[in-house]
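1. With the input below, show me the fold.
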Amino acid sequence: MARPRGRIGRLSGLRALLAAGLGLWLSGCSSMAYYGHLIKGQTEVLAARTPIAEVIADPETDATLRARLQRVDQARGFAVEQLALPKSGSYRSYVELDRRYVLWNVFAAPEFSMQAHQWCNWLYGCFAYRGYYRHARAQREATRLNAQGMDTHIGGVPAYSTLGWFDDPLLWSMMYWDDHTLLETLFHELAHERLFLKGDTAFNESYASFVGEEGLRQWAASRGLPPPSAAVQRQRRNAFVALVEDARQQLEALYSRPLSIDAMRSRKAELIEALRARYRRLRDTEWEGWGGYDHWFEAPINNAKLLTIGLYHQWVPAFAALFAEVDEDWSAFHAAVEALADAPPEERRNRLEQLAAQQSGARAPR
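-> Residues are numbered from 1 along each chain as shown. Model (predicted):
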């Protein structure tokens with residue numbers, strides 16, 4: 001298996017903490033508190049791990065939890081044997097902490113720009129978000145950026161990957177999901193361990209999202225189960241993403257115009273309200289009242305929040321086309337993705353755009 005891009009390989013917990021400590025020294029005093037917070041938070045998660053086999057064997061374990069952990073264990077084996085994902089120690093333990101999310105991500109963008117703010121570090125490169133193990137810390141970062149004129153958004157994170165630096169556990173926050181979402185996320189996070197391209201969030205998340213979706217479909221088929229109910233959800237999500245993408249394009253066009261600040265803010269608010277109205281029409285007609293995205297639209301919407309949607313799904317059609325090109329061979333697919341990751345950024349983007357157009361044409365009605 002090819003070595004994942006953008007990281008230094010797999011380290012033991014102690015060596016990783018030493019590497020993080022070196023990062024504190026290199027990054028200066030202004031970042032020390034943040035990285036110290038990360039070390040403390042990750043250590044808390046690791047210290048709470050219990051092997052899944054022990055949780056399953058414990059007579060005090062809730063029967064529903066036991067059954068779900070058994071399915072995860074089976075899916076973990078399927079991921080290695082059928083999806084060519086890493087055979088690591090990740091998701092072989094379970095953690096339960098007393099909070100809703102394991103961490104919170106902060107996203108930001110200028111008030112009149114659809115360009116995501118980037119946080120960079122010596123180890124992983126640049127990200128379009130920054131994670132915090134405590135909500136209060138995430139809120140302080142958002143407040144700081146607001147004071148600089150930025151739009152900000154805080155999103156709770158039920159699952160994440162340390163990209164192979166640690167043996168990541170299955171988290172209690174993942175148990176709020178149905179089985180399909182749980183297993184899709186398992187495959188998604190293992191894909192991050194297989195390959196991670198330093199500094200390209202949309203590439204990484206779209207690749208992992210495709211692996212999660214297709215992996216779940218194949219998992220269900222391998223057990224003679226009906227196609228995941230996620231198929232309908234995926235159609236709705238795609239329609240939701242298309243709505244948001246259209247609004248983003250309209251806002252980008254607006255921000256290029258020579259308007260006063262007051263006029264720009266007024267028109268921005270109008271476009272966001274128009275987005276809400278379009279969603280309500282979609283919900284009440286084609287979706288027959290299904291309101292799965294009501295909460296998203298009822299909460300405040302700004303540039304930062306709009307940007308979070310494209311990060312995870314922008315290139316999913318491109319990866320679907322690439323998977324078809326290699327005759328749905330997982331090892332060949334991962335190798336092709338690694339080749340894309342090695343390509344110069346402009347060449348990589350051109351190839352992804354070509355693949356996405358290919359997939360769009362394949363799905364067009366004949």
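2. From residue 180, how far out is the closest residue to residue 49 other than its chain neighbours?
-> With sequence-adjacent residues excluded and distances taken as C-beta to C-beta, 6 or more residues apart in numbering, residue 49 is closest to residue 93, at 4.0 Å. Backbone N, C-alpha and C define where each C-beta goes, glycine included. Noted for residue 93: a distance of 22 Å to residue 180, by C-beta to C-beta, to the nearest Å.
3. name the helices or strands packed onto the host helix or strand of residue 221?
-> Assessed by DSSP states H and E, residue 221 sits inside helix 201-222. Packing partners of helix 201-222 (3 or more C-beta pairs under 8 Å, 6 or more residues apart in numbering; DSSP states H and E): helix 63-82, helix 179-194, helix 230-255, helix 303-313, helix 316-325, helix 330-342.
4. cutoff 7 Å now
-> Packing contacts for helix 201-222, counted by 3 or more C-beta pairs under 7 Å, 6 or more residues apart in numbering; DSSP states H and E, involve helix 63-82, helix 179-194, helix 303-313, helix 316-325.
5. Show the contacting residues for residue 51.
-> Counting by C-beta atoms under 7 Å, 6 or more residues apart in numbering, residue 51 makes contact with 92, 93.
6. again, but for residue 337
-> 195, 207, 322.
7. any idea of the pLDDT on residue 182?
-> Listed pLDDT for residue 182 reads 93.
8. Can you report how many residues lie near the nearest residue to it once chain neighbours are set aside?
-> Computed as C-beta to C-beta, 6+ apart, the closest residue to residue 182 that is not its neighbour in sequence is residue 174, at 5.7 Å. Per other C-beta atoms under 10 Å, the neighbour tally for residue 174 reads 22.
9. same question, residue 37
-> 15.
10. Is it in contact with residue 138, as I believe?
-> No: in this structure residue 37 lies outside contact range of residue 138 using C-beta atoms under 7 Å: 10.5 Å.
11. how long is stretch 41-55 end to end?
-> Distance between the two ends of stretch 41-55: 23 Å, counting by C-alpha to C-alpha, to the nearest Å.
12. How far away from the center of its chain is it?
-> Chain-centre distance of stretch 41-55: 22 Å, with C-alpha atoms, centre = their mean, to the nearest Å.
13. Repeat that for stretch 280-297.
-> The chain centre lies 23 Å from the centre of stretch 280-297; the measure is C-alpha atoms, centre = their mean.
14. now swap in stretch 315-329 and tell me
-> 19 Å.
15. Would you mind pulling the contact partners of that stretch?
-> 202-203, 206-207, 209-210, 214, 332-333, 336-337, 352, 355-356, 358-360.
16. Only whichever of those are buried, select them in PyMOL.
-> Buried residues among these (16 or more other C-beta atoms under 10 Å), as a PyMOL selection:
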select buried, resi 202+203+206+207+209+210+214+333+336+337+352+355+356+358+359
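17. Residue ranges in the protein under the pLDDT threshold?
-> When residues are selected by pLDDT under 70, those of the chain lie in 1-30, 122-124, 228-231, 361-366.
18. Could you break it into its assigned domains?
-> Here the domain assignment for the chain is 13-222, 230-363, based on automatic domain parsing.
19. For residue 155, which non-adjacent residue is spatially closest?
-> Nearest non-adjacent residue to residue 155 (C-beta to C-beta, 6+ apart): residue 105, at 5.0 Å.
20. Which element, helix or strand, includes that neighbour?
-> Per DSSP H and E: strand 103-110 holds residue 105.
21. and the angle from that strand to helix 230-255?
-> 30 degrees (axes from the mean of the first three to the mean of the last three C-alpha atoms, to 10 degrees).
22. now strand 103-110, how far from the centre of its chain.
-> 13 Å.
23. Mind listing the strands it pairs with, and their directions?
-> Take DSSP bridges as the rule and strand 103-110 pairs in its sheet with strand 130-132 (antiparallel), strand 150-157 (antiparallel).
24. closest to residue 187 out of the ones you listed?
-> Nearest to residue 187 among those is strand 150-157 (17.2 Å), distances taken as C-beta to C-beta.
25. which residues touch the next helix or strand along the chain from that closest one?
-> Next in sequence after strand 150-157, counting helices and strands by DSSP H and E, comes strand 170-171. Under the criterion C-beta under 7 Å, 6+ apart, residues 52, 72, 91, 94, 95, 102, 158, 159 lie in contact with strand 170-171.
26. burial measure for the closest residue to residue 141 other than its chain neighbours, as a count.
-> Nearest residue to residue 141, sequence neighbours excluded (C-beta to C-beta, 6+ apart): residue 106, at 4.9 Å. With neighbours defined by other C-beta under 10 Å, the count for residue 106 comes to 23.
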